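Enquirer: Compute the structure for the input listed below.
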Amino acid sequence: MVYHNWLWERYAVGQCLLVLQEFSKETNIPGLRRELRKAASLDWTNDIWVDAKKTRANEAMFPFIATCLFVSSTHSTLEQEAGGICPVALLMPINWEYDSSTMYNDDGLSIIDISEPGKPRYGFMFPGENVLLDSGGYLAKYGISGANTELEKGYGNVALSAIRSTWPGRNFKSKLHRIRPEVGDPNPDLSKLSLKDRSLSKLLDVAFDSDDLDWTKEAELIAEFQPALMDRFHSNVSLANSKMGPDLLGRAFKDQTRVDLSFFQMSLAEIQRVLDIAWADSDNKGRSLIMPTLKTPSKAELKNIVEIFKPIVLNLGEAPGISLRKLFSIVSGSSINHFACSALYKRSLELIGQRGHLLPNIPPTQFPNNVDGGFPVTQMIYLRHCSPQGSRETPRSADGSIDWAKLIPANDFWNLEDYIHDTRPIVLPLRDSLISPERAQNLLMVLAWMSTQRLHRNAREILAAEMQGLAKQFAELDLDGVLPTQPIPAEMYEEYRRFNWLDHEHTPKALKLEKGQWTFLATAEADPEREYGRPAIIRRLHYAFVTLAENNEIQSFNATGFFENTIINDSARLHDALEHWRDNAEGLFEALQNMTEDLELEICSSEEVESAFQYLDAYNDKIDAYEEANQQRLEEERQWRRDFRANGQLPIRL
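Expert: The predicted structure is shown next:
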């Protein structure tokens with residue numbers, strides 16, 4: 001794993017230590033194991049989600065690893081020490097051929113080996129030199145003597161053999177000040193274990209060789225038996241496919257509300273054997289099921305598991321052969337109130353990632369409008385205005401909000417090739433992602449994070465606690481109760497990244513309002529005064545959930561109205577959604593307002609909503625005219641990007 005953090009010398013070493021600490025936490029081991037298994041199952045030659053040079057898999061394929069990287073930099077003081085340089089760590093592609101003489105590319109790479117979860121190793125390297133360094137060797141390149149003591153004592157170095165096997169064909173060398181022994185022995189000497197541990201190990205050997213497991217009822221009375229059994233499965237995942245593997249795995253999960261099978265590769269019949277034992281003597285309250293990569297998926301079998309065991313949370317992972325539409329039909333009307341699957345990630349990549357710099361209209365993909373667990377929000381639109389200093393006053397409606405219709409410029413002065421506009425929309429397609437009350441809240445928080453001059457630092461201060469909580473839940477910390485109905489841990493961060501990328505690309509056209517579909521609209525007004533190189537401070541942030549009524553009039557609602565109009569005939573669920581909104585969103589809004597220096601956070605008035613969509617209609621017309629006038633140049637650009645990506649030199653964008 002190679003990441004980029006825009007830091008150098010002792011700042012890069014300090015960031016490396018934070019990353020290592022995050023990856024060595026015991027609570028993060030299950031999530032890391034799950035994604036490492038997923039990485040091992042990828043076809044790195046032919047899989048369309050991996051680039052041709054095998055240098056990068058999309059971060060969306062590994063959300064937990066991306067989350068750990070992000071969280072590792074949330075409470076860091078490195079930004080202030082480094083003069084405001086943002087230390088956020090992101091997975092990035094490696095370009096071994098870049099010109100290391102440039103000011104942006106001469107600070108080397110941080111390399112982390114996470115192949116053994118909980119025991120990460122590290123190294124530094126300067127491309128072009130291809131010499132593996134420890135912290136002392138890295139700092140010496142900057143004329144700094146000594147090494148980071150905490151780093152050297154606590155963590156081992158990446159093995160040179162691992163570097164060579166990962167990037168074959170390069171003449172890598174090692175210049176470590178001292179070679180540390182391997183951390184942790186995967187095959188410990190049993191003679192050094194206590195008599196109790198040796199007996200337990202022998203008991204497990206007998207269990208896997210046995211044809212009758214009735215005797216294990218007595219073994220289950222031993223407190224250490226169940227966790228030892230789980231450790232045995234994690235150390236050798238192929239045991240789950242042995243003759244008695246599913247039955248023993250069910251005993252390992254006995255009476256646990258959360259069953260995480262993502263480490264394994266099993267059929268639905270084997271999964272049912274596991275759950276029959278694990279949940280045999282418990283009710284269905286708070287059940288959470290994380291599925292493995294399915295060997296022989298069947299819609300009927302999957303639906304049968306959902307109906308029999310009634311999980312509240314279902315994370316499906318990979319289900320080859322079952323379309324996203326069929327998956328939605330399985331969870332619709334079931335016990336599930338939080339659903340995630342890899343197909344949603346891939347669909348998101350199709351809609352957002354492959355666009356590059358182009359200006360397409362997102363095709364109208366149709367999914368069920370009334371899926372239990374989410375609501376038909378098709379897009380999020382962020383409409384931002386910043387009056388340059390000395391320009392004319394911002395036109396306003398009678399209620400004081402911006403009159404967006406009067407900001408529509410003449411065609412001669414609307415240059416789409418320049419993405420830095422005084423007034424600019426960002427359209428985030430959401431048609432294929434179900435919107436829960438929790439995600440609606442997250443989307444608002446993302447907007448507020450983007451509304452501050454101290455964007456990265458303040459986003460981390462607020463985001464850290466929420467991300468830490470989600471990451472811990474994802475890593476099986478909440479063992480005593482049900483996991484809250486939340487998006488997958490990386491989702492808030494995903495929204496944040498997508499907006500940042502869309503803010504530096506041409507945004508797609510806004511979808512037309514339709515009956516039965518919803519648009520999440522947010523409008524922002526920025527203060528024209530700003531520091532050099534910093535975004536303007538957002539002073540006003542308004543939002544509304546917008547739809548088209550039966551009489552073709554535009555209707556807008558606050559969050560409460562949105563829930564009341566979409567959660568129908570389910571008073572208990574409506575009550576829970578409203579309670580969640582009041583308990584969580586209002587407190588966060590207060591914190592965000594304090595953070596962003598008197599941010600005005602209100603509901604869009606009906607006048608502002610109507611004028612905003614007049615502006616968006618004009619923007620769509622301009623995109624059509626621009627594409628028509630530049631058809632040949634745009635096609636040349638498309639071909640250039642296709643050729644460039646085919647050579648492995650262009651990273652896949654999310």
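Enquirer: Could I get the buried residue list for the lengthiest helix in the chain?
Expert: Longest helix in the chain by number of residues (criterion: DSSP state H): helix 606-629. Residues 606-616, 618-620, 622-623, 626-627 are the ones in helix 606-629 that count as buried (16 or more other C-beta atoms under 10 Å). Placement of C-beta: from N, CA and C, glycine included.
Enquirer: One more: stretch 222-234?
Expert: So for stretch 222-234, counting by 16+ other C-beta under 10 Å, buried means 225, 226, 228, 229, 230, 232, 233, 234.
Enquirer: Need the pLDDT of the closest residue to residue 126 other than its chain neighbours.
Expert: In this structure, residue 126 finds its nearest non-sequential neighbour in residue 108, 4.5 Å apart by C-beta to C-beta, 6 or more residues apart in numbering. For residue 108, the model assigns a pLDDT of 73.
Enquirer: contacting residues around residue 108?
Expert: Residues counted as contacts of residue 108 (C-beta atoms under 8 Å, 6 or more residues apart in numbering) are 8, 12, 124, 125, 126, 127, 138, 141.
Enquirer: hmm, 7 Å instead?
Expert: Residue 108 makes contact with 124, 125, 126, 138 under the criterion C-beta atoms under 7 Å, 6 or more residues apart in numbering.
Enquirer: now, which of those residues lie within helices?
Expert: residue 138.
Enquirer: Report the buried members of the contacts of residue 108.
Expert: The buried subset of the contacts of residue 108 - by 16+ other C-beta under 10 Å - is 124, 125, 126, 138.
Enquirer: what's near enough to touch the first one?
Expert: Looking back up the chat, that one is residue 124. Taking C-beta under 7 Å, 6+ apart as the test, what residue 124 contacts is 108, 109, 110, 133, 138.
Enquirer: quick one: residue 314 is in a strand?
Expert: Yes - counting by DSSP: H, G, I helix; E, B strand; the rest coil, residue 314 falls inside a strand.
Enquirer: what's across from it in the sheet?
Expert: Going by DSSP bridges, residue 314 is paired in beta bridges with residue 289, residue 339.
Enquirer: so it makes contact with residue 289?
Expert: Yes - with contact defined as C-beta atoms under 7 Å, residue 314 reaches residue 289; the gap is 5.5 Å.
Enquirer: backbone phi and psi for residue 131, please?
Expert: Residue 131 adopts backbone torsions of phi -110, psi 120, taken as degrees, to the nearest 10.
Enquirer: That one is in contact with residue 175, isn't it?
Expert: Yes - using C-beta under 7 Å, residue 131 makes contact with residue 175 at a distance of 5.0 Å.
Enquirer: gap between residue 611 and residue 407?
Expert: Distance, residue 611 to residue 407, by C-beta to C-beta, to the nearest Å: 9 Å.
Enquirer: Of residue 131 and residue 175, give the one with the bigger neighbour count.
Expert: residue 131 (17 against 14; other C-beta atoms under 10 Å).
Enquirer: which residues touch the more buried one?
Expert: 125, 173, 175.
Enquirer: what about the residue lying closest to the first one once chain neighbours are set aside, neighbour count?
Expert: Residue nearest to residue 125 in three dimensions, not counting chain neighbours: residue 109, with 5.0 Å by C-beta to C-beta, 6+ apart. For residue 109, the neighbour count with other C-beta under 10 Å is 16.
Enquirer: do the same with residue 323
Expert: Neighbourhood size, residue 323 [other C-beta under 10 Å]: 11.
Enquirer: returning to that earlier point: please enumerate residues in contact with the longest helix of the chain?
Expert: So helix 606-629 is in contact with 359, 381, 383, 397, 399, 401-405, 407-408, 411, 414, 416, 425, 509-510, 521, 523, 542, 544, 546, 554, 556, 634, going by C-beta under 7 Å, 6+ apart.
Enquirer: Now, of those, which are buried?
Expert: Buried residues within these, counting neighbours by 16+ other C-beta under 10 Å: 359, 381, 383, 397, 401-405, 407-408, 414, 416, 425, 509-510, 521, 523, 542, 544, 546, 554, 556, 634.
Enquirer: Might you list the low-confidence residue ranges for the stretch 301-450 of the chain?
Expert: Confidence mapping of the stretch 301-450 of the chain against pLDDT under 70 gives the ranges 317-320, 324-325, 328, 332-333, 337-378, 387-392, 410-421, 428-450.
Enquirer: Next step: the buried ones among the contacts of helix 606-629 restricted to strands.
Expert: Using DSSP state E, the subset of these located in strands is 381, 383, 425, 521, 523, 542, 544, 546, 554, 556.
Enquirer: CSV please, covering those and showing distance to residue 162.
Expert: As requested, these are exported to CSV (distance: C-beta to C-beta, whole Å):
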residue, distance to residue 162
381, 46
383, 49
425, 46
521, 49
523, 51
542, 52
544, 52
546, 52
554, 58
556, 56
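Enquirer: about what we covered before: looking at the contacts of residue 124, which is nearest residue 26?
Expert: residue 110 (22.8 Å; C-beta to C-beta).
Enquirer: What helix or strand is the closest residue to that closest one other than its chain neighbours located in?
Expert: Of all residues beyond its chain neighbours, the one nearest residue 110 is residue 16 (4.9 Å), with distances taken as C-beta to C-beta, 6+ apart. Assignment of secondary structure by DSSP states H and E places residue 16 within helix 9-23.
Enquirer: quick one: residue 162 from residue 573, how far?
Expert: To residue 573, residue 162 is 50 Å away according to C-beta to C-beta.
Enquirer: Kindly report the same for residue 172.
Expert: Distance, residue 172 to residue 573, by C-beta to C-beta: 57 Å.
Enquirer: and what of residue 259?
Expert: With distances taken as C-beta to C-beta, residue 259 is found 24 Å from residue 573.
Enquirer: ok, how many other residues are close to residue 153?
Expert: 9.
Enquirer: Double-check that it belongs to a helix.
Expert: Yes - assessed by three-state DSSP, residue 153 belongs to a helix.
Enquirer: Enumerate every residue touching the residue lying closest to residue 130 once chain neighbours are set aside.
Expert: Leaving aside its chain neighbours, residue 130 sits nearest to residue 172 (5.0 Å; criterion: C-beta to C-beta, 6+ apart). Listed by C-beta under 7 Å, 6+ apart, the contact partners of residue 172 are 130, 132, 160, 163, 164.
Enquirer: what's next to stretch 262-282, contact-wise?
Expert: Contact with stretch 262-282 is made by 33-34, 37, 234, 237, 240-241, 246-247, 249-251, 253-256, 259, 261, 287, 290-298, 301-302, 305, 309, 317, as judged by C-beta under 7 Å, 6+ apart.
Enquirer: And the contacts of residue 108, which is closest to residue 117?
Expert: residue 124 (22.0 Å).
Enquirer: Excluding chain neighbours, what is closest to the closest one?
Expert: Nearest residue to residue 124 in three dimensions, chain neighbours excluded: residue 138, at 3.9 Å (C-beta to C-beta, 6+ apart).
Enquirer: Let me see the contact set for that neighbour.
Expert: With contact set as C-beta under 7 Å, 6+ apart, residue 138 has these partners: 13, 108, 124.
Enquirer: Mind pulling up the pLDDT for it?
Expert: pLDDT at residue 138 comes out at 86.
Enquirer: Would you mind measuring from the residue nearest to residue 126 to residue 142?
Expert: Distance, residue 108 to residue 142, by C-beta to C-beta: 10 Å.
Enquirer: likewise residue 30?
Expert: Relative to residue 142, residue 30 is positioned 38 Å away (C-beta to C-beta).
Enquirer: and what of residue 33?
Expert: For residue 33, the distance to residue 142 (C-beta to C-beta) stands at 36 Å.
Enquirer: Which one's more surrounded, those two?
Expert: Set side by side, residue 33 and residue 142 show more neighbours around residue 33, with 19 against 12, by other C-beta under 10 Å.
Enquirer: Let me know the helix or strand that that one is in.
Expert: Counting by DSSP H and E, the element that carries residue 33 is helix 29-41.
Enquirer: Send me that helix as CSV with only the CA atoms.
Expert: Extracted C-alpha coordinates of helix 29-41, given in CSV (Å, rounded to 0.1, in the frame of the first residue of the first chain):
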residue,chain,number,x,y,z
ILE,A,29,-8.0,-6.2,12.3
PRO,A,30,-11.3,-7.7,11.2
GLY,A,31,-11.9,-4.9,8.7
LEU,A,32,-8.4,-5.2,7.3
ARG,A,33,-8.6,-9.0,7.0
ARG,A,34,-11.9,-8.6,5.1
GLU,A,35,-10.4,-6.2,2.5
LEU,A,36,-7.1,-8.1,2.2
ARG,A,37,-9.1,-11.2,1.3
LYS,A,38,-11.0,-9.1,-1.3
ALA,A,39,-7.7,-7.8,-2.7
ALA,A,40,-6.5,-11.4,-3.0
SER,A,41,-9.6,-12.4,-5.0
